[in-house]
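Peer 1: coords please:
(2 chains)
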There are 2 protein chains.
Amino acid sequence: MTTTAPAPLRIAIAGLGTVGAGVIRLLATNAALIAARAGRRIEVVAVSARDRGKDRGVDITPFAWEDDMTALARRDDVDVVVELVGGADGPALALSRAALGAGKGLVTANKAMIAHHGLELAQIAEANNAALKFEAAVAGGIPVIKGLREGTSANALTKVYGILNGTCNYILSTMERTGADFGAVLAEAQRLGFAEADPAFDIEGIDAAHKLAILASIGFGTRIDFAGVRITGITQVRAADIAQADALGFVIRLIGEADVEDTANGPRLLQRVRPCLIAKGHPLSAVDGATNAVVAEGNFSGRLLFQGAGAGDGPTASAVAADLIDIARDEVGAPFSIPVAQLAALPPAEPGARPARTYIRFMVKDRPGVLAEITAAMRDGAVSIESLIQQGRGTAEGEVMVAMVTHEGPEAAVTAALALLEGSESLVGAPLVLPILPN
Amino acid sequence: MTTTAPAPLRIAIAGLGTVGAGVIRLLATNAALIAARAGRRIEVVAVSARDRGKDRGVDITPFAWEDDMTALARRDDVDVVVELVGGADGPALALSRAALGAGKGLVTANKAMIAHHGLELAQIAEANNAALKFEAAVAGGIPVIKGLREGTSANALTKVYGILNGTCNYILSTMERTGADFGAVLAEAQRLGFAEADPAFDIEGIDAAHKLAILASIGFGTRIDFAGVRITGITQVRAADIAQADALGFVIRLIGEADVEDTANGPRLLQRVRPCLIAKGHPLSAVDGATNAVVAEGNFSGRLLFQGAGAGDGPTASAVAADLIDIARDEVGAPFSIPVAQLAALPPAEPGARPARTYIRFMVKDRPGVLAEITAAMRDGAVSIESLIQQGRGTAEGEVMVAMVTHEGPEAAVTAALALLEGSESLVGAPLVLPILPN
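Peer 2: Numbering: from 1, shown residues only, chains lettered A, B, ... in the order given. Down below sits the predicted model:
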């Protein structure tokens, strides 16, 4: 009696930056255990990147080389293409379409591409019976796509939210620890490699919004709607806000949150990325540094938390390779949990009527009557103040900080009250409004 | 053109306690979304329990009834049997063997049965190409079996540890919050339903050990070895220990931990359940009440945390139904990630040589020379003391508490030092030794 070893899963890798090199290193280092768990070996057969000769710390000479990465999708000896090039469009998208169109599996870490073109790619995958997997696109090494797609699959989720951008979390938690201001911490983060040379995608909340749009689609069975995410970055948060929040029992973190609201006109999808105050004691309040964490609340599971490294070559390679093992095991299914044709197209929700507690910070001129002016506007806007602190000492420019926390009330009331203060000569710049995350 | 709907997955449920009723309720409440995600409907066709007439809050009249639960395994109209009877042996085991032997899938929440007979059942499952799934057996609604089996599948794990028993965690965190002693809090927990009438399995650490043995097998690719778990329960922990730990910057939690140690004689599996001191700031230190949390450290993923409700009918039903959806999707694979025949049989590790910081608490008679006697024993055992506190006020019985934290050193040194104090007339009862969890 003879048994033949099962055929290996043959992969091609496009993009050999730190993550691509990490995937090659992982597949070599853990080859034996991966073969045991996957039921067959996973072999790199071909690669493509911009510069063949660059030293990446891994030996790529055993692999076939393609100058044109799209050629990887045409190779007969490739079962799955791993796309690690990045960018929402361009070569990454062309390669992904070609690979899935040829019936090959596609594994990608590309959150921007999935947020913008994930449904189109999933349709190609479904039409060609090909696997499309993107665990590494959200929250790095944390198996949260799997967590939502399979772990909480029996639940109607009431809410998905979390810390989805490691750069912002590193900056905010470092500001908290050191008391330094945003600009200084950002510069230090760039020096240490925790922030890109062009940090806009991270600090403006775009990256977190990409991830949130993907999570919302899987969690709620809705069509991805990146354009529907309301986004506020962290650039307006001052060290003084963090100190103020701390005194009130909160930390400040950039939170992505999504839920579905039932309205008289049918269900609406709410997706927001914004800095929030989080009460100390909430599981997310202890998430420091570049760590990511996602909370999913199900109607039977209750609150689940998934936490870990949100980026880095090792964690990202771990997620990519887990997807490859799923494909090798033939455990694939619909990319967004249900077929694209069945995903609901929900209009974005209008959050104005939602009750919320809010932190409002004003920078004001140090002169009499300012507090009366602000509190009158709050009264006239029907905003009820829970606590208010005026900083004793002003800044060098003669500015004073006034910070308040409101009682729970409609968000629209805060907007209305602040509209009454528009154009006021007492205010220096626009007030900062941060929601308080419900516990 | 006509399309036929895919055949439903037909299930039978044995055991209609709170979890069984919860599964029926979940499958009805979330039927539409489950059908969309699973690709077909999941239908209960038959049930069995001790008392047919009992009011369970769910209507079981639509389902066929079997007085003999093993008959569920023989029904032609059943694809998967859900075993929610409990008990390591007896009817649950007979039913499970029969179901898998008949080629039917088996989903179970029975940690004791899996810890004792999981490998035998997995072998029957593998021989009959049947699904065996037990997400609900470990950490309730948290998808941690899936997390280890699939989420971290590309990693060699260096360590798996966590809070695996909600009853113990409820008791310890309530003692911490209220200052009440063990007995009082246990009685209150029993009154509130957080502890069984016979709490031994929980408070002696057996339940956590069942779960740990299952996690270790999947995490490390080793044969389940429940007998190899070193178990210490929480009954010796006093409110004064918790207060002392708090003063030193720690909380006390019952921790299950497993790793594989490479020794000159080959790899060894270390599995321990015991109360540990955890530094405030460690993710597990904030886990309160009946919550469970599992940390897995992978060689590429880094540290991952999975947290949520460790028990309760909703969370447990959520895990059971997720297993059913996996089966309906035909995403099954080897129950222990790799086939049973390939699991390594590792002897238990000898932890004595491991370096650790340790908390040691003595109850001593309030008389001169006691401290000198204890510190001399530590010196002679080569245990280096980091901090020591003698409580000013003794108990009503004239006992005084002496608590110390050691510098890092081999655990065997502490054992040796304490052996020198055996039989001492200064000591009241045996000292309590709690390890400090490394950060």
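Peer 1: Name the residues of the stretch 51-200 of chain A found near chain B, please.
Peer 2: A:Gly141, A:Ile142, A:Pro143, A:Lys146, A:Gly147, A:Glu150, A:Gly151, A:Thr152, A:Ser153, A:Ala154, A:Asn155, A:Ala156 (CB under 8 Å from any CB of the partner chain). (C-beta placed from N, C-alpha, C; glycine too.)
Peer 1: Dig out what the closest residue to the second one other than its chain neighbours forms beta bridges with.
Peer 2: Closest residue to A:Ile142 in three dimensions, ignoring its sequence neighbours and counting by CB to CB, 6 or more residues apart in numbering or on different chains: A:Gly308, at 4.2 Å. Beta-bridge partners for A:Gly308, by DSSP bridges, are A:Asn292.
Peer 1: Check which helices and strands the helix or strand that contains A:Leu27 sits against.
Peer 2: Using DSSP states H and E, the element containing A:Leu27 is helix A:18-29. Where contact means 3 or more CB pairs under 8 Å, 6 or more residues apart in numbering or on different chains; DSSP states H and E, helix A:18-29 is packed against strand A:9-14, strand A:42-48, helix A:313-328.
Peer 1: Grab the CA positions of the last one and hand them over as CSV.
Peer 2: If I follow you right, that is helix A:313-328. The C-alpha trace of helix A:313-328 is given here as CSV (Å, rounded to 0.1, in the frame of the first residue of the first chain):
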residue,chain,number,x,y,z
ASP,A,313,6.2,42.3,10.1
GLY,A,314,5.9,39.3,12.5
PRO,A,315,2.2,39.8,13.5
THR,A,316,1.2,40.8,9.9
ALA,A,317,3.0,37.7,8.5
SER,A,318,1.2,35.6,11.2
ALA,A,319,-2.2,36.8,9.8
VAL,A,320,-1.2,36.2,6.2
ALA,A,321,0.1,32.7,6.9
ALA,A,322,-3.1,31.9,8.9
ASP,A,323,-5.1,32.8,5.8
LEU,A,324,-2.9,30.5,3.7
ILE,A,325,-3.4,27.6,6.2
ASP,A,326,-7.2,28.1,6.0
ILE,A,327,-6.9,27.9,2.2
ALA,A,328,-4.7,24.8,2.4
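Peer 1: show me the contacts for A:Gly147.
Peer 2: By CB atoms under 8 Å, 6 or more residues apart in numbering or on different chains, the contact set of A:Gly147 is A:Val294, A:Ala296, A:Leu304, A:Phe306, B:Pro143, B:Lys146, B:Gly147, B:Gly151.
Peer 1: Nearest to B:Asn439 among the residues you listed?
Peer 2: A:Phe306 (20.6 Å; CB to CB).
Peer 1: Now do the host helix or strand of that closest one and helix B:313-328, the angle between them.
Peer 2: Element membership for A:Phe306 (DSSP H and E) is strand A:302-309. Angle of strand A:302-309 versus helix B:313-328, following axes from the mean of the first three to the mean of the last three CA atoms, to 10 degrees, is 70 degrees.
Peer 1: Show me how far strand A:302-309 is from its chain's centre.
Peer 2: 14 Å (CA atoms, centre = their mean, to the nearest Å).
Peer 1: and what of stretch A:415-426?
Peer 2: With CA atoms, centre = their mean as the basis, the mean position of stretch A:415-426 lies at 33 Å from the chain mean.
Peer 1: Can you get me the start-to-end distance on it?
Peer 2: End-to-end span of stretch A:415-426 (CA to CA, to the nearest Å): 18 Å.
Peer 1: per-residue confidence averaged over it?
Peer 2: Across stretch A:415-426, the average pLDDT comes to 94.
Peer 1: Check the secondary structure at the closest residue to A:Arg149 other than its chain neighbours for me.
Peer 2: In this structure, A:Arg149 finds its nearest non-sequential neighbour in A:Ser337, 4.6 Å apart by CB to CB, 6+ apart. Recorded secondary structure, A:Ser337: coil (DSSP: H, G, I helix; E, B strand; the rest coil).
Peer 1: what does the domain assignment say about chain A?
Peer 2: Following automatic domain parsing, chain A resolves into domains at A:9-137, A:152-309, A:352-435.
Peer 1: Distance of A:Ala94 relative to chain B?
Peer 2: 27 Å (CB to the nearest CB, to the nearest Å).
Peer 1: Ignore what I typed, I meant A:Cys168.
Peer 2: Distance from A:Cys168 to chain B, by CB to the nearest CB: 19 Å.
Peer 1: And for A:Ile242?
Peer 2: 18 Å.
Peer 1: so who does that residue touch?
Peer 2: A:Leu172, A:Met175, A:Glu176, A:Val251, A:Ile252.
Peer 1: Output the residues you listed as CSV; include the columns neighbour count and secondary structure.
Peer 2: As requested, the contacts of A:Ile242 are exported to CSV (neighbours: other CB atoms under 10 Å in any protein chain shown; DSSP: H, G, I helix; E, B strand; the rest coil):
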residue, neighbour count, secondary structure
A:Leu172, 23, helix
A:Met175, 23, helix
A:Glu176, 19, helix
A:Val251, 21, strand
A:Ile252, 23, strand
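Peer 1: Please identify which pair of these lies farthest apart.
Peer 2: A:Met175 and A:Val251 (10.3 Å).
Peer 1: before we move on, the earlier item: looking at the domains of chain A, which is closest to B:Ala130?
Peer 2: domain A:9-137 (16.9 Å).
Peer 1: from memory A:Arg354 sits against A:Glu411, does it?
Peer 2: Yes. Using CB atoms under 8 Å, A:Arg354 makes contact with A:Glu411 at a distance of 5.6 Å.
Peer 1: For the residue nearest to A:Arg149, give its distance to A:Glu297.
Peer 2: A:Ser337 sits 17 Å away from A:Glu297, going by CB to CB, to the nearest Å.
Peer 1: who has more neighbours, the two?
Peer 2: A:Ser337 (24 against 18; other CB atoms under 10 Å in any protein chain shown).
Peer 1: Model confidence score at the more buried one, please.
Peer 2: pLDDT for A:Ser337: 96.
Peer 1: list the contacts for it?
Peer 2: By CB under 8 Å, 6+ apart, the neighbours of A:Ser337 are A:Leu148, A:Arg149, A:Ser153, A:Ile218, A:Gly221, B:Arg37.
Peer 1: How is the residue nearest to A:Gly352 when sequence neighbours are not counted assigned, secondary-structure-wise?
Peer 2: The spatially closest residue to A:Gly352, leaving aside those adjacent along the chain, is A:Ala412, at 3.6 Å (CB to CB, 6+ apart). Judged by three-state DSSP, the three-state class of A:Ala412 is helix.
Peer 1: okay, now A:Ala412: neighbour count?
Peer 2: 15.
Peer 1: I figured it was touching A:Thr358, is that so?
Peer 2: No. Using CB under 8 Å, A:Ala412 is not in contact with A:Thr358; the gap is 11.2 Å.
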